[in-house]
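Asks: quick check, what structure comes out for this input:
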Amino acid sequence: MTQEELLSIVGNFAIEGKAEEVCPLGNGLINTTYKVITADNGPVYVLQHVNTDIFPDPDMLMGNIVAVTDHIRAKLAADGITDIKRRCLKFVPTLDGKYYTTHQGQCWRIMEYITDCVSRTGVSPESAYIVGSTFGEFQAMLADIPASLGETIKDFHNMEFRLQQLREAVAADAVGRLAEVKWLVDELEARADEMCKGERLYREGKLPKRICHCDTKVDNILFDKEGNVLCVIDLDTVMPNFVFSDFGDFLRSAANTGAEDEADTSKVEFNMDIFRPFAEGYIKSAKSFLTPLEIENLPFAACLFPYMQTVRFLADYINGDTYYRIKYPEHNLVRSKAQFKLLQSAEAHLDEMKEFIAKQL
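Replies: Below is the predicted model of the structure:
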């Protein structure tokens, strides 16, 4: 896209100052991002193209994000926080009051740039504690949000829906792969009732849905240059879900001693040295609003997400690799076996997880 086109898009937004340059920023996998420089050392902004193939309803998406960020800013102000601009994302409306504009069928938005910040990657006991504490606090601030948010990705973490996808793949056996993986299908079906208890408890009125981030990792936290947490970013997946989403999804990747597609499953174990600091930080921040049932089922969440990902990888393998990108013909099967091994390892640590969480209360 040309500089002229980018500046034209920026011109639809109610920014301060005159935009004079738009340059690439970061390397996002889903949304393309640019930095907007204004004249005379004016404010700096972030221009972002929103991938509507993944987030098809930009009105819902931006409605969610604005409701969340407005609520967090109000909470920060009530707590006497002075540097609110650096502690919460702030999106800029268009000249006609919306929070996105379209250009040649593409959706764009602008937010204020947070200065003097850094991001981190990688997993360690220290970063696990920070992630747990930060996202627990994020949920706590949103526990009383009055707005009703929508699902930006429908059924994203719905276990019943994911199992239905697997069962449809098994019934069709489109490319004749079922026979070789029937053993794994049987293992998953043997756990199906237990793994769908979140949806069941919700229907029974025993388990609430919270506002969750649904992409918990240290990469989605901004820090100041002294290493203090500033704010949570990448809010596109913020939506109603069980607390299991933010708790379990982080552990599925961060507490895995092997790669997601590790062919040697002897290298795949559930790392309690990551679980313990993450759980400690999360419960410390979130126990003010968590119910006893939610806390009791946090170890279940650690098993749920490797189970869910096994189901998704296996369904795609049986279907003939129609969803996930693969590097070789058996890639999705290797992924499935690695995730299943992680599930088995997490199951072996369930009693230890329960004992540790009980000590945090």
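Asks: when you work out contacts or count neighbours from here on, use the C-alpha atoms and nothing else.
Replies: Noted.
Asks: show me what contacts Pro62?
Replies: Careful, residue 62 is Met and not Pro. Listed by C-alpha atoms under 8 Å, 6 or more residues apart in numbering, the contact set of Met62 reads 99-100.
Asks: how much space separates it from Val68?
Replies: In this view, Met62 and Val68 are 10 Å apart by C-alpha to C-alpha, to the nearest Å.
Asks: before we move on, what about Tyr324?
Replies: Distance, Tyr324 to Val68, by C-alpha to C-alpha: 31 Å.
Asks: out of those two, which sits in the busier spot?
Replies: More crowded of Tyr324 and Val68, by other C-alpha atoms under 10 Å: Val68, with 24 against 12.
Asks: give me every residue that touches the more buried one.
Replies: 142, 145.
Asks: ok, then the element right after the helix or strand containing it?
Replies: When elements are assigned from DSSP states H and E, Val68 belongs to helix 58-78. As assigned by DSSP H and E, the chain's next helix or strand after helix 58-78 is helix 84-87.
Asks: list the buried residues in that following helix.
Replies: 84-87 (16 or more other C-alpha atoms under 10 Å).
Asks: chain neighbours aside, what residue packs nearest to Met159?
Replies: Spatially, and ignoring its direct neighbours in sequence, Met159 is nearest to Cys196 (5.8 Å; C-alpha to C-alpha, 6 or more residues apart in numbering).
Asks: any idea how far Leu350 is from the spatially closest residue to Glu262 that is not a sequence neighbour?
Replies: Leaving aside its chain neighbours, Glu262 sits nearest to Ala338 (5.9 Å; criterion: C-alpha to C-alpha, 6+ apart). Computed as C-alpha to C-alpha, the Ala338 to Leu350 distance reads 19 Å.
Asks: who's more crowded, the two?
Replies: Neighbours per residue (other C-alpha under 10 Å) separate Ala338 from Leu350, with Ala338 holding more: 28 against 16.
Asks: the more buried one reaches Thr265, doesn't it?
Replies: Yes. Between Ala338 and Thr265 there is a contact under C-alpha atoms under 8 Å: 5.7 Å.
Asks: which parts of this structure are helices?
Replies: Along the chain, the stretches classed as helices by DSSP state H are 3-10, 58-78, 84-87, 125-142, 159-172, 178-195, 197-203, 244-254, 272-286, 292-296, 298-319, 331-348, 350-359.
Asks: looking at those, which is nearest to His103?
Replies: helix 3-10 (7.0 Å; C-alpha to C-alpha).
Asks: averaged over its residues, what pLDDT does the closest one have?
Replies: Averaged across helix 3-10, the pLDDT comes to 95.
Asks: just how off-centre is that helix within its chain?
Replies: 30 Å (C-alpha atoms, centre = their mean, to the nearest Å).
Asks: show me what counts as buried in that helix.
Replies: 6-7, 9-10.
Asks: dump these to TSV, plus distance to Ala279.
Replies: Shown next, in TSV, are the buried residues of helix 3-10 (distance: C-alpha to C-alpha, whole Å):
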residue	distance to Ala279
Leu6	43
Leu7	45
Ile9	43
Val10	42
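Asks: low-confidence ranges, the chain, go.
Replies: Along the chain, the model assigns pLDDT under 70 to residues 27-31.
Asks: residue contacts, the most centrally placed residue in it?
Replies: The centroid of the chain falls nearest to Asp215 when counting by C-alpha atoms, centre = their mean (1.2 Å). Contacts here follow C-alpha under 8 Å, 6+ apart; on that basis Asp215 touches 237, 246, 249-250.
Asks: now the buried members of those.
Replies: 237, 246, 249-250.
Asks: for these, which one is nearest Glu180?
Replies: Asp249 (28.2 Å).
Asks: and Phe289, how many neighbours does it have?
Replies: Counted with other C-alpha under 10 Å, Phe289 comes out at 16.
Asks: also Val268?
Replies: Val268, neighbours per other C-alpha under 10 Å, totals 24.
Asks: what sits against it?
Replies: Under the criterion of C-alpha under 8 Å, 6+ apart, the neighbours of Val268 are 256-259, 262, 338, 341-342.
Asks: tabulate the residues you listed (JSON lines), appending distance to Tyr34.
Replies: As requested, the contacts of Val268 are exported to JSON lines (distance: C-alpha to C-alpha, whole Å):
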{"residue": "Asn256", "distance to Tyr34": "33"}
{"residue": "Thr257", "distance to Tyr34": "35"}
{"residue": "Gly258", "distance to Tyr34": "34"}
{"residue": "Ala259", "distance to Tyr34": "31"}
{"residue": "Glu262", "distance to Tyr34": "35"}
{"residue": "Ala338", "distance to Tyr34": "37"}
{"residue": "Lys341", "distance to Tyr34": "40"}
{"residue": "Leu342", "distance to Tyr34": "38"}
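Asks: between those, which is nearest Phe313?
Replies: Among the contacts of Val268, Ala338 lies closest to Phe313 (C-alpha to C-alpha), at 10.2 Å.
Asks: look up how far Lys18 lies from that closest one.
Replies: Distance of Ala338 to Lys18, computed by C-alpha to C-alpha: 52 Å.
Asks: do Thr94 as well
Replies: Using C-alpha to C-alpha, Thr94 is found at 15 Å from Lys18.
Asks: same thing with Lys182?
Replies: 62 Å.
Asks: between those two, who's got more neighbours?
Replies: Taking neighbours as other C-alpha under 10 Å, Lys182 and Lys18 compare with Lys18 leading, 16 against 12.
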